[in-house]
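A.B. asks: Next input, structure requested:
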Amino acid sequence: MELKINGKTVSIEADPEMPLLWALRDTAGLTGTKFGCGIALCGACTVLIDGEPTRSCSIALEDVAGDVTTIEALEGDDGALHLVQEAWIEHQVAQCGYCQSGQVLSAVALLASNPAPNDADIDEAMSGNLCRCGTYSRIRAAIHTAAKKIAGT
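C.D. replies: As a prediction, this is how the structure comes out:
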């Protein structure tokens with residue numbers, strides 16, 4: 001089957017019932033998407049499908065309808081980080097780092113749909129992403145910083 005991943009059409013030879021997560025990691029070689037719980041509760045495997053956060057561990061290849069964006073797509077061709085990634089570094093969000101690709105993609109989706117979120121908006125949008133290190137206040141601060149950077153203020 002063919003999928004559009006990070007702006008490119010990619011041929012995936014796999015069982016159509018294979019979860020997208022494993023096709024991304026094992027077939028396409030995109031290992032930034034992480035396995036966490038396997039039942040779509042932790043958010044470590046979050047990717048964007050047509051801009052919407054989606055748990056890749058629980059969607060079969062045959063059910064993917066739309067463009068898939070993984071964490072690898074956020075870095076620009078010139079190696080520049082996405083503004084959300086810059087804010088993550090500025091606020092030293094990552095501790096163990098395991099959940100970060102899912103966290104960052106959820107934040108990117110939030111800011112695409114709501115460029116000036118308040119704390120409640122952030123908490124709601126990020127509620128499906130667990131951080132075992134408990135850096136939720138840093139995540140919130142980083143999203144506010146990224147929103148200001150995106151707005152140019």
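A.B. asks: got the contact list for residue 50?
C.D. replies: If you count contacts by Cβ atoms under 8 Å, 6 or more residues apart in numbering, residue 50 has them with 66, 67. Every residue, glycine included, has its C-beta placed from N, CA and C.
A.B. asks: Need the pLDDT of it.
C.D. replies: Predicted confidence (pLDDT) at residue 50: the value is 98.
A.B. asks: per-domain residue ranges of the chain.
C.D. replies: The chain breaks down by automatic domain parsing into domains covering 2-73, 83-151.
A.B. asks: tell me the mean pLDDT for the last one?
C.D. replies: Mean pLDDT, domain 83-151: 96.
A.B. asks: Walking through the protein, point out its strands one by one.
C.D. replies: Taking DSSP state E to define them, one finds strands in the chain at 2-5, 8-11, 46-49, 52-55, 68-69.
A.B. asks: Spatially central, which residue of this structure would that be?
C.D. replies: Most central residue of the chain, judged by C-alpha distance to the mean C-alpha position with Cα atoms, centre = their mean, is residue 105 at 2.5 Å.
A.B. asks: gap between the nearest residue to it once chain neighbours are set aside and residue 120?
C.D. replies: Spatially, and ignoring its direct neighbours in sequence, residue 105 is nearest to residue 46 (5.1 Å; Cβ to Cβ, 6 or more residues apart in numbering). Separation of residue 46 from residue 120 (Cβ to Cβ, to the nearest Å): 20 Å.
A.B. asks: again with residue 73
C.D. replies: Taking Cβ to Cβ, one finds residue 73 at 29 Å from residue 120.
A.B. asks: Give me the more crowded residue out of these two.
C.D. replies: Neighbour tally, residue 73 and residue 120, criterion other Cβ atoms under 10 Å: the higher count belongs to residue 73, 20 against 8.
A.B. asks: Could you list which residues are in contact with the nearest residue in space to that one that is not next to it in sequence?
C.D. replies: Closest residue in space to residue 73, ignoring its immediate chain neighbours: residue 6 at 3.9 Å, by Cβ to Cβ, 6+ apart. Taking Cβ under 8 Å, 6+ apart as the definition of contact, the neighbours of residue 6 are 30, 68, 69, 70, 72, 73.
A.B. asks: The third one pairs with what?
C.D. replies: Pointing back at residue 69 there. Taking DSSP bridges, one obtains residue 48 as the residues bridged to residue 69.
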